[in-house]
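A.B. asks: let's see this in three dimensions:
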Amino acid sequence: MKDTKLELINGNSYMYDANLAVGVYFNEDSRAAVLIDSGANESAAKRIEHFVKKKGYYISSVIVTHGHQAQVGGLPHLKKIYADLRVYATSWTAQFLEHRALESGLSGYIPCVANELDEGIVKDAVTDIIPYRDHDIVIDEVPFSVVALPGHFPGMVGIVTPDQVFYSADAIFGNTTLIKQKLLYYTDIKGAKDSLNKLTAHKYAAYVLSHGGKYNDVTLLIQQHQHLIDETAQFIFGIISEHPMTLEGIVQRVMKEYQLKNKSSHFTLANTIVRSYLNELHEDSKLRASVNDGILYYYDRASVILA
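C.D. replies: Numbering: from 1, shown residues only. From the prediction side, this is the model:
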């Protein structure tokens, strides 16, 4: 973890970014701090807590954007330190927090691979369930806007502070991530497109990306994401159009195309992403599926159905 401190974004909105950004909003009246996500682990949570205390504040609340370990890993430590800590999350996120095995379901639950996922459980972590829709919420007498951001992970939300800083979770990724990988992690392609369109609909003072940190303008990033999504969809549809393919055959081609390693974690990643694109292509009436000799094949809807 790189050494870092709290960075002022705008007004009372800050960011702690140690390879993964966490939002911190300081309420000057109550001397309470509201975190947006908790840090990836106990070490990150301790560092955040240290800087919050150094400013003369305490942590009253955490808004969890979604149920990935990178966003919730610091919760156990924070709940030990602050007995009255309020944790806000959607019902989707609450379920993923308490039942980590649900995440393996997104990849189709692959035996001998799924059990390698982090099985850490945060029991009774969420104190306040927030609706999974765009709405306003008041925490410690401070109004925040909750923005539903489907696509990356079920139940994910972004948070806008009174300073018009948009903590956009993993709806978009920063330049460093895009340079390293062109296969973006989305479990719902239509939802991802909707979230990107939502991000273009309003202009905020600043944006904080979980993987990317602070940006004053995300217009170009959004265009790059839209291009990469279209590119991946075209690649998957293109190889299926050549001849009918099984899911594993498609995953194999995708792993080669995007230079993923022969690791179970990379296979699970690719499998999840491919399934989301197959669903989207089916919804767009481009693909169909047929069982032949006990094997499921995907094929171009315009082609001849297998016997």
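
A.B. asks: who does the residue lying closest to Arg86 once chain neighbours are set aside bridge with?
C.D. replies: Counting by Cβ to Cβ, 6 or more residues apart in numbering, Ser61 is the residue found nearest to Arg86 once chain neighbours are left out, at 4.3 Å. Yep, even glycine has a C-beta here, placed from its N, CA and C like the rest. Listed beta-bridge partners, Ser61: Val34, Arg86 (assigned using DSSP bridges).

A.B. asks: Val147 against Val157, yeah?
C.D. replies: Yes: the criterion here is Cβ atoms under 8 Å, and Val147 meets it with Val157 at 6.1 Å.

A.B. asks: same drill for those two, tell me which one is more crowded.
C.D. replies: Legend: neighbour count by other Cβ atoms under 10 Å for Val147 and Val157, higher for Val157 (30 against 23).

A.B. asks: quick one: contacts of stretch 137-147?
C.D. replies: 25, 27, 29-30, 32, 34, 60-61, 63, 86, 88, 130-131, 133-136, 157-162, 166, 168, 198 (Cβ atoms under 8 Å, 6 or more residues apart in numbering).

A.B. asks: which of those fall in strands?
C.D. replies: Here DSSP state E is the test, and the contacts of stretch 137-147 give 25, 27, 32, 34, 60-61, 63, 86, 88, 135-136, 157-160, 166 as lying in strands.

A.B. asks: shaky segments in the stretch 201-307 of the chain?
C.D. replies: 304-307 (pLDDT under 70).

A.B. asks: quick one: the helices in it?
C.D. replies: 219-242, 247-257, 264-283 (DSSP state H, counting those that start in this stretch).

A.B. asks: Throw those helices into JSON lines and include mean neighbour count and distance to Ile9, thanks.
C.D. replies: What follows is those, written out as JSON lines (neighbours: other Cβ atoms under 10 Å; distance: least, Cβ to Cβ, whole Å):
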{"stretch": "helix 219-242", "mean neighbour count": "16", "distance to Ile9": "17"}
{"stretch": "helix 247-257", "mean neighbour count": "17", "distance to Ile9": "36"}
{"stretch": "helix 264-283", "mean neighbour count": "19", "distance to Ile9": "30"}
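
A.B. asks: any chance of the ones you listed in a markdown table, plus distance to Glu141?
C.D. replies: Below are these laid out as a markdown table (distance: least, Cβ to Cβ, whole Å):
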| stretch | distance to Glu141 |
| --- | --- |
| helix 219-242 | 33 |
| helix 247-257 | 49 |
| helix 264-283 | 40 |
